Structure formats: C-alpha cells, structure tokens
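**Q** sequence and predicted structure are below.
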Amino acid sequence: MNREDVRDYIQRSESVFEGSPQLDEANTKAAVLRDFLDLLGWEIPTNTQLEYPVEAFGQTYKVDYALILEGTPLAFLEAKGVDTALTEDHDEQLSSYMTNMNVNYGILANGKQYRFFQRRVDASNVNVQQVGDVELQDLPDRMGVLEAFSEGAIESGESGEILERINELWEARTTLETEKDNLASEIDSLLSDRISNTISSLAESQAKEMIDRLIEDIESEVDSNGGDSGQSVGGSGGTGIGSSKNFIEGTIERAEIEGESDEKVAVFPVKESGLPFMRENNAWGYVRVGDEFNHVAMYVTRDVGEVRYFATMKEVISVDEAELVRPAEEYVDRAKIADDKKVIRFESGSLYELEDPVPFETKYPQSLQYTTLEALRNAETTDDML
C-alpha cells in the first residue's frame, strides 16, 4: 500500500458518493468499504470473516468484519452507512467488542470518516483508545496509521510499534508546545552557565526557533510515516512570508455570525506562518476537501491555541484556477502540492477575526474536521465543537 493506492481509493469512493450521496450500510460496505479492506490487505474469505459473532452487554452481536489469523480474531472493522454520522455510541460499541474479545485493533468507518482504535493493556488495566479520526480525503496524510492497521503489520506485530511511535511523537509535540517557554529558558540557562551570560538573549530566541522546527519535523514524521505527505500553507517547510494585502474585514463576535444553526463549518489547523496566505488571498489552501460545507474556521496552532478566524465559503477550486497574489511556490514548495489539493475561496467581506476566539482545552483539529455553526457559536472551548 502506498499513497497513490490510497488516492485511487479516495477517487473511486468519491465517485460513488457523487452518484449516491446517502448510501445505507449494506450498500456502503459493498460499494466502498470492501475496497478499503483490500487496501489494508484484509481479504475475504482468506483472512477476513464477515459477521463475526462477539459477546457484549450480555448478548451476542456480530461485528461486520474480523481479521482472522490462525483462527484468532486480531482486528475488527465495524461499518456504518454513509447516511449515518459516527457517534460516541458507535465508539463505545466497537470498544466493547474489542475489550470482550481481547482484540487489539479496531476501525469504525462510514466511508467518509474513519476512526482507528487500539486496545491497550497496562498491568491490570485494559482500555481502548482512539488513535486516529480521519476524513476520507485526509487518508493519504495518515499513512502511518493506515500501515499500522494493515494485515501485514498486524500479523508481524509491527502495528503496536508503529502506533507506539506515533503516540510518543504526539506526546512529544504536545510537551514541546505547552512547555516551549520553560524549555527555551532552561536551554538559555544551560548555555549561559556553560559559556557566557552575554549570549543569553540570543540563546533563548534561538532555542524557541529550534523547538518550532522540531515541532514541524514531528508533524511531518507523524503524517507521512517517512514519506512526502504534501503540504498545506503554513505546514512544514512554509516560508513565513508577510502579507501584502489584508482581506480581514475586522472583528466579530461568534453570536453575531449569520446563518442557520445546522450549517456546516470546516475547521482547519493553521500555523501563524500560514496566515499571510489567508489574509492576502481571502482564501485558504492547499487542502483536500470532500464534504460540502458553508463556512471555514481557522484554528491557529502552537502558542496561540484557539479558533481565531472565520469566513464564509464561496467555492472550492484547483490550485491552477486560484488567482493568488503570489506564485504558489512562494507559499510552499510547488512540487509538494499534490494534484488533488484545492484552494477554498471565501465570500467577499466575510473574513473576520473572532472577538471571542474558542480556546484550546484537550481537543484540536490535527487535520480538517467539521462542526456546525451552532456549535461554533456556543462553544466555551474546542472540546465543545470538535
């Protein structure tokens, strides 16, 4: 399995959804998810069994697909229809199946969204943790997770090592982000003590820049699993250019945002180095989008850690169609912009900075996620909208 295989799967799936946007579970499994199993090397009936019986909640249920090796179930995939949004109840359902059957790996999918779970045993404690929540169009950017859930990795035992490394990298990134100032101060003190106090101001500044670069490297490592994942503006390798124009209309309170409560909002993570693209083009890029949506919200990462900007979507266009202020390569290496990446153009006069930005609590968008306008308006923290 390589990135092109994954992109081919996405293209086939999106073609199915265009013709039948409200597939039920049976048709989603037949038209889409069987191809996803093939992508992972789960072959029916060679190593994968349909409707595998499991005990849960005092009853016998059937999980849609079970990866069986030497007569033992090692992974489950629980399917839902495209017409069914994934919920916490579905998460608990799959977690219960995995716990009761001592299965370490599980996938919950409806064709457009894919959640990955790992059962972990620590001494006498057993728990199931979500290790990935990925939209269809973002699957090529999570090759490490996909590889961990492939038949070959599960059979060889590599899955645990892959997921453990990903988990350690995410924890390291979180620590670097939250402790950046303290770590930079410690590095400054070490160098000042060992060399000279005269370098103190330079040392702390350089230490912060080093931590920022390290965070970018970690993100690239996690996303690509050692390969090229493509880039959005402000991603690893971004240029950090200044804005030549500014399409931000001003500030707005979330309660003042116009629109129906159930209108869909696409929430994107953005580094501060990517903000000039947004400001001077009244747009966002280069991203993969599948679902239709009405608005865009921007979560500014790192030291900022909040949903700070909002705009109404006008259209989604190709990079070549986008009339950008600068050539694409001035924002990011043009060679690293995948062919399926798009630019989202905003409605004129709709880009605002939020007077009451939504602060980070424990959840933040590692990639594109969706919420509703009502959730954005009412959220006290990011946990309330993601």
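**A** All right, it came through fine.
**Q** gap between the helix or strand of the chain with the lowest mean pLDDT and the chain center?
**A** Of all helical and strand segments in the chain, the minimum by mean pLDDT, DSSP states H and E falls on helix 200-224, at a mean of 76. Distance of helix 200-224 from the chain centroid (Cα atoms, centre = their mean, to the nearest Å) equals 21 Å.
**Q** show me what it is packed against.
**A** helix 143-148, helix 158-178, helix 180-194 (3 or more Cβ pairs under 8 Å, 6 or more residues apart in numbering; DSSP states H and E). Every residue, glycine included, has its C-beta placed from N, CA and C.
**Q** just these: most buried one?
**A** Each of the helices and strands packed on helix 200-224 was scored by mean neighbour count; the highest is helix 143-148, a mean of 22, by mean count of other Cβ atoms under 10 Å.
**Q** let's have the helices and strands packed on helix 200-224 in JSON lines, adding distance to residue 378 and mean pLDDT.
**A** As requested, the helices and strands packed on helix 200-224 are exported to JSON lines (distance: least, Cβ to Cβ, whole Å; pLDDT from 0 to 100):
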{"stretch": "helix 143-148", "distance to residue 378": "31", "mean pLDDT": "88"}
{"stretch": "helix 158-178", "distance to residue 378": "26", "mean pLDDT": "82"}
{"stretch": "helix 180-194", "distance to residue 378": "30", "mean pLDDT": "88"}
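**Q** can you list those in JSON lines and add distance to residue 203?
**A** Converted to JSON lines, the helices and strands packed on helix 200-224 look like this (distance: least, Cβ to Cβ, whole Å):
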{"stretch": "helix 143-148", "distance to residue 203": "34"}
{"stretch": "helix 158-178", "distance to residue 203": "17"}
{"stretch": "helix 180-194", "distance to residue 203": "4"}
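**Q** out of these, which is closest to residue 310?
**A** Judged by Cβ to Cβ, the one of the helices and strands packed on helix 200-224 that comes nearest to residue 310 is helix 158-178, at 23.1 Å.
**Q** helices or strands next to the closest one in the packing?
**A** Going by 3+ Cβ pairs under 8 Å, 6+ apart, helix 158-178 lies up against strand 125-135, helix 143-148, helix 151-156, helix 200-224.
**Q** work out the gap between it and the centre of the chain.
**A** Using Cα atoms, centre = their mean, the offset of helix 158-178 from its chain centre is 15 Å.
**Q** that helix versus helix 200-224: what angle between them?
**A** Relative orientation of helix 158-178 versus helix 200-224 (axes from the mean of the first three to the mean of the last three Cα atoms, to 10 degrees): 150 degrees.
**Q** ok so, going back, residue 57 is nearest to which of the helices and strands packed on helix 200-224?
**A** helix 158-178 (27.0 Å).
**Q** could you give the angle of the closest one to strand 125-135?
**A** Using the same axes, to 10 degrees: helix 158-178 against strand 125-135 is 80 degrees.
**Q** I'd guessed residue 43 sits against residue 50; true?
**A** No - Residue 43 lies out of contact with residue 50 (Cβ atoms under 8 Å); the separation is 12.0 Å.
**Q** residues contacting residue 53?
**A** 60, 61, 62 (Cβ atoms under 8 Å, 6 or more residues apart in numbering).
**Q** any quick ChimeraX command for the buried ones out of those residues?
**A** Selection of buried members from the contacts of residue 53 for ChimeraX, criterion 16 or more other Cβ atoms under 10 Å:
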select :61
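**Q** make TSV out of the contacts of residue 53 and add pLDDT, secondary structure and distance to residue 137.
**A** Formatted as TSV, the contacts of residue 53 follow (pLDDT from 0 to 100; DSSP: H, G, I helix; E, B strand; the rest coil; distance: Cβ to Cβ, whole Å):
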residue	pLDDT	secondary structure	distance to residue 137
60	89	strand	37
61	90	strand	31
62	93	strand	30
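**Q** of the contacts of residue 53, closest to residue 379?
**A** residue 61 (34.7 Å).
**Q** list the beta-bridge partners for the closest one.
**A** With DSSP bridges as the criterion, residue 61 is bridged to residue 54.
**Q** who's in contact with it?
**A** 53, 54, 55, 97.
**Q** ok, the third one touching residue 99?
**A** No - checked against Cβ under 8 Å, the pair residue 55 and residue 99 is beyond contact range at 10.4 Å.
**Q** more neighbours: which of those two?
**A** residue 99 (15 against 12; other Cβ atoms under 10 Å).
**Q** among the helices and strands packed on helix 200-224, which comes closest to residue 319?
**A** Nearest to residue 319, of the helices and strands packed on helix 200-224 and by Cβ to Cβ, is helix 143-148 at 21.9 Å.
**Q** which other helices and strands contact the closest one?
**A** Using 3+ Cβ pairs under 8 Å, 6+ apart: helix 143-148 touches helix 3-19, strand 125-135, helix 158-178, helix 200-224.
**Q** could I get the ones you listed as TSV with distance to residue 79?
**A** Below are the helices and strands packed on helix 143-148 laid out as TSV (distance: least, Cβ to Cβ, whole Å):
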stretch	distance to residue 79
helix 3-19	13
strand 125-135	16
helix 158-178	20
helix 200-224	26
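**Q** of all these, which lies closest to residue 381?
**A** Using Cβ to Cβ, the helices and strands packed on helix 143-148 put helix 158-178 closest to residue 381, at 15.2 Å.
**Q** relative orientation of that closest one and helix 180-194 in degrees?
**A** Using the same axes, to 10 degrees: helix 158-178 against helix 180-194 is 80 degrees.
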